[in-house]
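Novice: predicted structure and sequence below. I'll ask about it afterward.
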Amino acid sequence: MNTMSDVGAILAQEAGIVRLLIIDSIMATYRADFTGRGELADRQQQLNQVLAAIKRLAEEWNLAVVLTNQMCSDPGATMSFVSDPKKPVGGHILAHAVQTRLYLRKGSGEQRFAKLVCSSRFAEQDAGFILSEGGVADAD
């Protein structure tokens, strides 16, 4: 939890300058440090504490927060004929902590797709885009 204190100290020093906090692969460390079902409860409890600290920082400093996550295959999904049998790592703790979830995937060639999977403000929808030298552009 010291890392969140360090982030808070940086935000205090740079008050008003930082508006976006990006945490790449929030679950990577937890998957490496906590292995097996026997440690699942401890992992989820620690994850919940970190997510609460992130939320406090976001509210205190008026930050937008972007978390990236890992996906894993869901063997049970093939029994229900789901077309994409992947699910995000982190369980219900992570799923309930975020307000909006996007699922990004690669299409053919340079095309990419973003699917709004869960949002308290918007309906589920898909959008195609490409990454170009000029940045993000419509796929059309």
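Specialist: Happy to help now that I have it. Residues are numbered from 1 along each chain as shown.

Novice: all helices for this structure, in order.
Specialist: Per DSSP state H, the chain carries helices over the ranges 2-13, 28-33, 40-61, 91-97.

Novice: can I get these in JSON lines including distance to residue 120 and mean neighbour count?
Specialist: To be clear about C-beta, it is placed using only N, CA and C from the backbone, and glycine gets the same treatment. Converted to JSON lines, the helices of the chain look like this (distance: least, CB to CB, whole Å; neighbours: other CB atoms under 10 Å):
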{"stretch": "helix 2-13", "distance to residue 120": "24", "mean neighbour count": "12"}
{"stretch": "helix 28-33", "distance to residue 120": "25", "mean neighbour count": "13"}
{"stretch": "helix 40-61", "distance to residue 120": "14", "mean neighbour count": "15"}
{"stretch": "helix 91-97", "distance to residue 120": "11", "mean neighbour count": "14"}
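
Novice: of those helices, which is nearest residue 132?
Specialist: Nearest to residue 132 among the helices of the chain is helix 28-33; the distance by CB to CB comes to 28.7 Å.

Novice: which elements pack onto the closest one?
Specialist: The helices and strands touching helix 28-33, judged by 3 or more CB pairs under 8 Å, 6 or more residues apart in numbering; DSSP states H and E, are helix 40-61.

Novice: so how far is the helix it packs on off the chain centroid?
Specialist: 13 Å (CA atoms, centre = their mean, to the nearest Å).

Novice: measure residue 121 to residue 44 for me?
Specialist: 27 Å (CB to CB, to the nearest Å).

Novice: next: residue 109.
Specialist: Taken as CB to CB, the span from residue 109 to residue 44 is 39 Å.

Novice: where does this protein dip in pLDDT?
Specialist: Within the chain, the set of residues satisfying pLDDT under 70 comprises 1-2, 75-85.
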